[in-house]
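Student: Mind folding the following:
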Amino acid sequence: MNLSPPSGGVAVISRYGAAVLLAGAAVAISYPFRGHLYTTPLFFAAVFISCWYGGIGPAVLTTIASTAAIHFLLRLPRPGFTPEVHDLPRLAEFVFMAAVAIYLVRARMRSEQSVRQARDQLEIKVNERTADLQREVAERRRAEQAAQTAAQMAQSHVDMLLHSVDVLATEAAPATFIGEMLRTIGHHLHAQQVRLWLRSQEDDSLHLRIAIEGEQQIGLEPNHPFVRDPQSWHNSPLIQEMLFTKAPVVCEDVARDARLAPDHRDYLTNQGCKRFLVIPMFVLGEVRGFIAIQHAERGMYRAEEIELAQALAHHVMFATHGQDLSEQRRQGAILKERTRMARDIHDTLAQGFTGVIVQMEAAEEALLEEDPEHAVRHVRRARDIARESLGEARRSVHALRPQALDKAGFADALRNVIQNRTAGTSLRTDFHLDGEPRHLPANVEECLLRIGQEALSNALKHAHPTEFQARLAFDSNAVRLELYDNGKGFVVDRVNDGGIGLLGMKERAEQIGATLKISSEPGVGTKITAISPYQPAAG
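Tutor: Numbers count the residues shown, from 1 in each chain. Here you go, the predicted structure:
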C-alpha cells in the first residue's frame, strides 16, 4: 500500500486546506478555555492528524499556523501581535515537540509500510510456494500413475513372456505358437478380433495369416476387401499412413473415419467393429506386416494400451520371422541335398557311363579288327565299371565313402581309378606320387578323388587327348593334386559355369577349403590344380 500523498492539484489544495482547518479548529476550541486549560495538546493533535493523513508539508503548515496562533491569538491577559522575548522558549518547545511528533508519525508510517510490503512479499512467496507444492503434488501423482501404469505393463509383459515360454515348451508347431500370441493380445486388450497380416516379398501383396476371435481361430474371411484383392491395401490411406510413419495407427470411430474406404468400412460395420488399432511389425527396419486389433465398443485408446499392443506385436513378429527362417532353412536343406545328390550321381553314374562307353567303343574297334579276345576283355571291363558305378551310386544315396577309398589308400585309389577308366584305350596315362603320403581327413580324400575323376571324365568326353598325367604331392603345408591332358582345350573365361562337371569340382574344393585353378587354351590342353592345406589335428 502506497502512503505517499497524491500529487494532483486538487488533492494538494485539499491537504493543505485541511491542515489550516485543523489549526483553526484547535484555535476555536482552545480560545474560550485559554485561561483555564493548557491548550498546546490540541495543536499537537492537529499537527499529528495533519501529518498522518496529509504528509510532511501539511504538517509543517499546521505547525506554523499553530505556533502563530499560540503566540499571537492565545496570549494572556489579551491577544496581541507584539512579540516578547520570554515567549520564545515556549514557542521553541512547541516547534521542537511538533517536529518530534512529525518525525515519529512518519517513522511509524514508514514502518507500517515496510510491514505491509513485507507481508505482501510474504504472501506472494507463500502463494508461489503453494503453487510449487501443488505442482509437485500433481507431478508426483502423475509419476505415481505412470509408475503404476509401467508396473501394470511390466506385469503384462511378464505374464505374456511366461505364457510364451509355456507355449514354446508344449507346442512344436510355429503356427500354434503365433495363434497363442494373438490370443494373448486379444485377452490383454479385451479385443473383439485380432488379425495378423503379412506382406509378400515377391509381389508386395497382403495376406491374412491368422485371425482370432475371442479364444478361437476363425477362417480367413473371403469377404474381407484385402482378402478379395491382396493388392488393394496399397489404396488404403490408413495403411499407407502406418507405412509412412512406421507407428501404430488408431481409428477411434469406424463410422466417421475418412481414411477408410467404403467397402472396408461396410465390412467392419457388419462385423460389429466400432474402433480398431493397427500395429506395424518390423524386420530389419522394414514393415513386413501388421496386427489389426478390433473392438466392438466405442472409446479412446490409452497410450499404455497402444504401447502394450506394440510390445506384444514384436513377440508375434519374432515368432513369425522365426517360422519364416525355419522354412527357409528347410528349403535350403532340401536344395542342398538335391545338389549333393545331383553331384554324386554325376560323379558316379555319369563318370561310370563314360568309362563304359570308352570300353564299349574299344570293344567295337576290336570286333571290327576281328579280335574277339580283346573285345571280350573290353566288354568285361565295361561290365566291371558298370557294377562299380552302381555300387558308388548306392553309396552316394546313403552319403558313404567312395568304394575306391574303402579298398585302398587315397594315392592307390586315385591311381586305380585312372587305370581302370583308361585300360585298353589309346590314352596314355601317367601317375606320379611325390613325398611321403600323410593321413588326410575322409572328406578331403573323397573330394580330391572326385576332382580327379571329374578331370579324367571331362578329358575322355570332351578333350580327346592322347596323354593324361596326374601328380599327387604331399608338400610340407598342403596336399597338391595336378591333372593335365593334352587335348583340344577351351577358353576358360567362356566356359559354362553352370555345367555339372566344373561346378562340381569347384563345390568340392570349397567344401574342404581348397583352392582350385583351371588353366586351358584351345589346342594346348588343360591343367587343373587343387591345393588343400593340412587341417590341424583335433585336440
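
Student: Could you tell me how many residues sit around Arg108?
Tutor: 12 (other CB atoms under 10 Å). C-beta here means a position set from N, CA and C on the backbone, and glycine is covered the same way.

Student: State the pLDDT value of the most centrally placed residue in the chain.
Tutor: Central residue of the chain (CA atoms, centre = their mean): Gly285, 7.0 Å from the mean position. Per-residue pLDDT puts Gly285 at 74.

Student: The helix or strand where Glu144 lies packs against which elements?
Tutor: Here Glu144 sits within helix 88-170, counting by DSSP states H and E. Using 3 or more CB pairs under 8 Å, 6 or more residues apart in numbering; DSSP states H and E, the elements in contact with helix 88-170 are helix 40-54, helix 56-68, helix 174-189, helix 303-345.

Student: What's the first helix or strand after the last one?
Tutor: Pointing back at helix 303-345 there. Toward the C-terminus from helix 303-345 - assigned by DSSP H and E - lies helix 351-368.

Student: if we can go back for a sec, between the helices and strands packed on helix 88-170, which has the poorest mean confidence score?
Tutor: helix 303-345 (a mean of 68).

Student: Okay, now the sheet partners of the strand or helix carrying Arg209, with direction.
Tutor: Arg209 belongs to strand 206-213 when assigned by DSSP H and E. Strand pairing for strand 206-213, using DSSP bridges, gives strand 193-199 (antiparallel), strand 216-218 (antiparallel).

Student: Can you tell me what sits against the first one?
Tutor: Read that as strand 193-199. 178, 182-183, 185-186, 205-213, 218, 226, 233, 271, 273, 287-294, 316, 320 (CB atoms under 8 Å, 6 or more residues apart in numbering).

Student: Can you check what angle separates it from helix 174-189?
Tutor: Taking axes from the mean of the first three to the mean of the last three CA atoms, to 10 degrees, one finds strand 193-199 and helix 174-189 inclined to each other by 130 degrees.

Student: let's number from 16 now, not from 1
Tutor: Sure, I'll start numbering at 16, so the last one becomes strand 208-214.

Student: Keeping just the C-alphas, turn strand 208-214 into PDB.
Tutor: What follows is strand 208-214, C-alpha atoms only, in PDB (Å, rounded to 0.1, in the frame of the first residue of the first chain):
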ATOM      1  CA  GLN A 208     -10.900 -59.800 -33.100                       C
ATOM      2  CA  VAL A 209      -7.100 -59.900 -33.700                       C
ATOM      3  CA  ARG A 210      -5.800 -60.400 -37.300                       C
ATOM      4  CA  LEU A 211      -2.200 -61.000 -38.500                       C
ATOM      5  CA  TRP A 212      -1.500 -59.600 -42.000                       C
ATOM      6  CA  LEU A 213       1.800 -60.300 -43.700                       C
ATOM      7  CA  ARG A 214       3.300 -58.700 -46.800                       C
END
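
Student: burial of the residue lying closest to Val75 once chain neighbours are set aside, as a residue count?
Tutor: Spatial nearest neighbour of Val75, excluding adjacent residues (CB to CB, 6 or more residues apart in numbering): Ile117 at 7.4 Å. Residue neighbour count, defined by other CB under 10 Å, stands at 21 for Ile117.

Student: residue contacts, Ile117?
Tutor: Ile117 neighbours (CB under 8 Å, 6+ apart): 62, 66, 71, 74-75, 78.

Student: Please tell me how far Lys289 sits from Arg280.
Tutor: Using CB to CB, to the nearest Å, we find Lys289 at a distance of 12 Å from Arg280.

Student: joint contacts of these two?
Tutor: Joint contacts of Lys289 and Arg280 (CB under 8 Å, 6+ apart) are 269-270.

Student: Nearest to Ala378, out of the strands paired with strand 221-228?
Tutor: strand 208-214 (62.6 Å; CB to CB).

Student: What's the mean pLDDT across the closest one?
Tutor: 86.

Student: what's the offset of that strand from the middle of its chain?
Tutor: Counting by CA atoms, centre = their mean, to the nearest Å, strand 208-214 is centred 21 Å from the centre of its parent chain.

Student: got the buried residues for it?
Tutor: The neighbour-count check on strand 208-214 (16 or more other CB atoms under 10 Å) flags 208-214 as buried.

Student: cool, and stretch 222-242?
Tutor: Under 16+ other CB under 10 Å, the buried positions of stretch 222-242 are 223-228, 236, 239-242.

Student: Equivalent analysis for stretch 392-409, please.
Tutor: By 16+ other CB under 10 Å, the buried positions in stretch 392-409 come out as 392-394, 396-397, 400-401, 403-404, 407.

Student: Run a quick neighbour tally on Glu151.
Tutor: By other CB under 10 Å, the residues close to Glu151 number 10.

Student: if I look at it, how far off is Glu451?
Tutor: With distances taken as CB to CB, Glu151 is found 87 Å from Glu451.

Student: What is the neighbour count of Gln132?
Tutor: Considering only other CB under 10 Å, Gln132 is surrounded by 12 other residues.

Student: With Leu475 instead?
Tutor: By other CB under 10 Å, the residues close to Leu475 number 22.

Student: Check which element follows the helix-or-strand element of the chain with minimal mean pLDDT along the chain.
Tutor: Within the chain, confidence by mean pLDDT, DSSP states H and E is lowest for helix 418-422 among all helices and strands, at a mean of 63. Per DSSP H and E, helix 418-422 leads on to helix 425-437 as the next helix or strand towards the C-terminus.

Student: Buried residues of that next one, list them for me.
Tutor: Per 16+ other CB under 10 Å, helix 425-437 contains these buried residues: 425, 428-430, 432-433, 436-437.

Student: In PDB, could you pull the C-alpha coordinates for stretch 464-478?
Tutor: The C-alpha coordinates for stretch 464-478 follow below in PDB (Å, rounded to 0.1, in the frame of the first residue of the first chain):
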ATOM      1  CA  LEU A 464      39.300 -88.200 -55.600                       C
ATOM      2  CA  ARG A 465      36.100 -86.800 -57.100                       C
ATOM      3  CA  ILE A 466      38.000 -83.900 -58.600                       C
ATOM      4  CA  GLY A 467      40.400 -86.300 -60.200                       C
ATOM      5  CA  GLN A 468      37.600 -88.500 -61.500                       C
ATOM      6  CA  GLU A 469      35.800 -85.500 -63.000                       C
ATOM      7  CA  ALA A 470      39.000 -84.200 -64.700                       C
ATOM      8  CA  LEU A 471      39.600 -87.600 -66.300                       C
ATOM      9  CA  SER A 472      35.900 -87.900 -67.300                       C
ATOM     10  CA  ASN A 473      35.900 -84.400 -68.900                       C
ATOM     11  CA  ALA A 474      39.100 -85.300 -70.800                       C
ATOM     12  CA  LEU A 475      37.600 -88.500 -72.200                       C
ATOM     13  CA  LYS A 476      34.300 -86.900 -73.100                       C
ATOM     14  CA  HIS A 477      35.400 -83.500 -74.500                       C
ATOM     15  CA  ALA A 478      39.100 -83.100 -74.900                       C
END
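
Student: neighbouring contacts of it?
Tutor: For stretch 464-478, the external contacting residues (CB under 8 Å, 6+ apart) are 362, 365-366, 369-370, 373, 417, 419-420, 425, 428-429, 432-433, 436-437, 442, 480, 483, 485, 496, 498, 500, 502-505, 516-517, 519-520, 523-524, 531, 540-541, 543, 545.

Student: try it again with 6 Å
Tutor: Here stretch 464-478 makes contact (CB atoms under 6 Å, 6 or more residues apart in numbering) with 362, 366, 369, 373, 417, 429, 432, 436, 480, 483, 498, 500, 502-503, 516, 520, 523, 543, 545.

Student: same deal with stretch 435-455?
Tutor: By CB under 6 Å, 6+ apart, stretch 435-455 touches 370, 373, 377, 393, 396, 426, 430, 433, 471, 482-489.

Student: Where does pLDDT dip in the stretch 116-265 of the chain?
Tutor: Along the stretch 116-265 of the chain, the model assigns pLDDT under 70 to residues 165, 168-169, 171-190.

Student: and if we set it to 50?
Tutor: Within the stretch 116-265 of the chain, the stretches with pLDDT under 50 are 187.

Student: Okay then, goodbye and thanks.
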